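A.B. asks: whatever this is, show me its structure:
(one chain, ligands or ions: 1)
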Amino acid sequence: MTVYQATASAPVNIACIKYWGKRDTKLILPTNSSLSVTLDQDHLRSTTTSRADPSFKHDRLWLNGKEEEIKEGGRLSTCIAELRRLRREVEKKEGTPKISEYPVHIASYNNFPTAAGLASSASGFAALVASLAALYELPATPSELSLIARQGSGSACRSLFGGFVAWEMGSKADGSDSFAVEVAPCSHWPNLHALICVVSDDKKGTSSTSGMQRTVETSTLLQHRIKVVVPERMRAISEAIKARDFPTFARLTMADSNSFHAVALDTEPPIFYMNDVSRAIIALIVEYNRASVATGGSIKAAYTFDAGPNAVIYAPEEYIKEIVQIIISYFPQAQPFNDVFGLFGGEQPK
Ligand code: 2P0
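C.D. replies: Numbers count the residues shown, from 1 in each chain. Here you go, the predicted structure:
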């Protein structure tokens, strides 16, 4: 008996130019393009196994061993339906076994602890799409699959590649030109490292999905950001990445993190994702860079914050040790965990 089963994994990505706002909430079409760095470490990935079998009664999904409901018309069922539709096309054309008619069971695991404070929807949906695409043996490129992962969670479309990835917002109403492309592979800039500082492992107060829509509806600053600021930044950061120009990359990354948190603050009611520890980390990095520039050096580190208080610090490898020492001296309770740091003084992530 043939077993139809496939496993795929996908990495976590952290945006340097942030996605914040949808112009179409059902298709998940963004109000601006975005660009991320994939964290290529083995210990920051989601791994998903999909299996199709005629004995299954209906589609089912488990996340870290716990079954989750696949709601009709929801994001999960949209992704599964899209991949089935592509499989049906292959079956029609090539007469391959009609496994699109079998229900699927999907099991997904994150190998990073929830306590690492990293969002798992990006790597999770990317791994789910990649595993179903492998199960169905779809002749699809990562960019084509990113069109589907995008409908699971916007940022997931950027986790189908390694390295440096742009999500082009596109302009078509059907979303067919809103997909991810690789700007440069990971091997292009192996010297660039990321340090994750976990400030809090609490679940965030305002989800990204609802927070960004409130920003779209109420922030006047967002209009300036999406029309004027981001298009120029996308161009400039892509060039900086291609030239491995760290100071420019760092300036743009920090500026865009600030801009994203400014539009969150400009939302009615305002959204605060950073806390006092986040702001202390900004002050440390600003001072670290100022001291370097004042002595004839250049910018050595960049901070960025997503929809929560945790910091990601990008820096060339040669400065990572020094940065870790500075952080430990200011936050003596810091718990190193590979390149993830727990600063919240709680249990070390396991
Ligand atoms: C990003 N974030 O570009 C930005 C920066 C958070 C701050 O993508 O509604 O979880 O599922 O499309 O992808 C978070 O948004 O939102 C996000 P949905 P998603 O990484």
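
A.B. asks: what about the helices in the chain?
C.D. replies: 75-94, 121-135, 142-149, 208-218, 221-224, 230-242, 246-265, 276-294, 317-330 (DSSP state H).

A.B. asks: and these as JSON lines, adding mean neighbour count?
C.D. replies: C-beta coordinates here come from the backbone N, C-alpha and C atoms, glycine included. Shown next, in JSON lines, are the helices of the chain (neighbours: other C-beta atoms under 10 Å):
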{"stretch": "helix 75-94", "mean neighbour count": "17"}
{"stretch": "helix 121-135", "mean neighbour count": "27"}
{"stretch": "helix 142-149", "mean neighbour count": "22"}
{"stretch": "helix 208-218", "mean neighbour count": "17"}
{"stretch": "helix 221-224", "mean neighbour count": "17"}
{"stretch": "helix 230-242", "mean neighbour count": "18"}
{"stretch": "helix 246-265", "mean neighbour count": "21"}
{"stretch": "helix 276-294", "mean neighbour count": "16"}
{"stretch": "helix 317-330", "mean neighbour count": "14"}
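
A.B. asks: among the ones you listed, which is nearest the ligand?
C.D. replies: helix 208-218 (3.5 Å; C-beta to the nearest ligand atom).

A.B. asks: average pLDDT for that closest one?
C.D. replies: The average pLDDT for helix 208-218 rounds to 97.

A.B. asks: list the contacts for the closest residue to residue 70 other than its chain neighbours?
C.D. replies: Nearest non-adjacent residue to residue 70, counting by C-beta to C-beta, 6 or more residues apart in numbering: residue 76, 4.9 Å away. Going by C-beta atoms under 8 Å, 6 or more residues apart in numbering, residue 76 touches 61, 68, 70, 128, 152.

A.B. asks: so what pLDDT did the closest residue to residue 249 other than its chain neighbours get?
C.D. replies: Computed as C-beta to C-beta, 6+ apart, the closest residue to residue 249 that is not its neighbour in sequence is residue 240, at 4.3 Å. Note on residue 240: pLDDT of 98.

A.B. asks: output the set of residues of the stretch 201-350 of the chain in proximity to the ligand.
C.D. replies: 208, 209, 306, 307 (C-beta under 6 Å from any ligand atom).

A.B. asks: not counting its neighbours along the chain, what's nearest the last one?
C.D. replies: Here the nearest residue to residue 307 in space, its sequence neighbours aside, is residue 208; by C-beta to C-beta, 6+ apart that works out to 4.7 Å.

A.B. asks: would you confirm that that neighbour contacts residue 308?
C.D. replies: No. At 9.3 Å, residue 208 and residue 308 do not qualify as touching, with contact defined as C-beta atoms under 8 Å.

A.B. asks: show me the contacts for the nearest residue to residue 160 once chain neighbours are set aside.
C.D. replies: Closest residue to residue 160 apart from its sequence neighbours, by C-beta to C-beta, 6+ apart: residue 142 at 4.3 Å. When contacts are counted by C-beta under 8 Å, 6+ apart, residue 142 touches 160, 161, 180, 182.

A.B. asks: just residue 216 next, same as before
C.D. replies: By C-beta under 8 Å, 6+ apart, the neighbours of residue 216 are 21, 22, 23, 31, 222.

A.B. asks: distance between the ends of stretch 26-36?
C.D. replies: From the first residue to the last, stretch 26-36 extends over 23 Å; the measure is C-alpha to C-alpha, to the nearest Å.

A.B. asks: report whether that stretch contacts the ligand.
C.D. replies: Yes. Using C-beta under 6 Å from any ligand atom, stretch 26-36 reaches the ligand at 28, 34.

A.B. asks: list the buried residues for that stretch?
C.D. replies: Going by neighbour count (16 or more other C-beta atoms under 10 Å), the buried part of stretch 26-36 is 27, 28, 29, 30, 31, 32, 33, 34, 35, 36.

A.B. asks: residue contacts, the third one?
C.D. replies: Translated: residue 29. 22, 23, 169, 170, 175, 178.

A.B. asks: any idea how far the first one lies from residue 156?
C.D. replies: Distance check for residue 22 against residue 156: by C-beta to C-beta, to the nearest Å, it reads 14 Å.

A.B. asks: one more: residue 142?
C.D. replies: Taking C-beta to C-beta, one finds residue 142 at 12 Å from residue 156.

A.B. asks: same thing with residue 141?
C.D. replies: 16 Å.

A.B. asks: who has more neighbours out of the two?
C.D. replies: Of the pair residue 141 and residue 156, residue 156 is the one with more neighbours under other C-beta atoms under 10 Å, namely 31 against 10.

A.B. asks: can I get the helices of the chain in CSV with distance to residue 165?
C.D. replies: Formatted as CSV, those follow (distance: least, C-beta to C-beta, whole Å):
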stretch, distance to residue 165
helix 75-94, 19
helix 121-135, 11
helix 142-149, 9
helix 208-218, 18
helix 221-224, 23
helix 230-242, 10
helix 246-265, 14
helix 276-294, 24
helix 317-330, 21
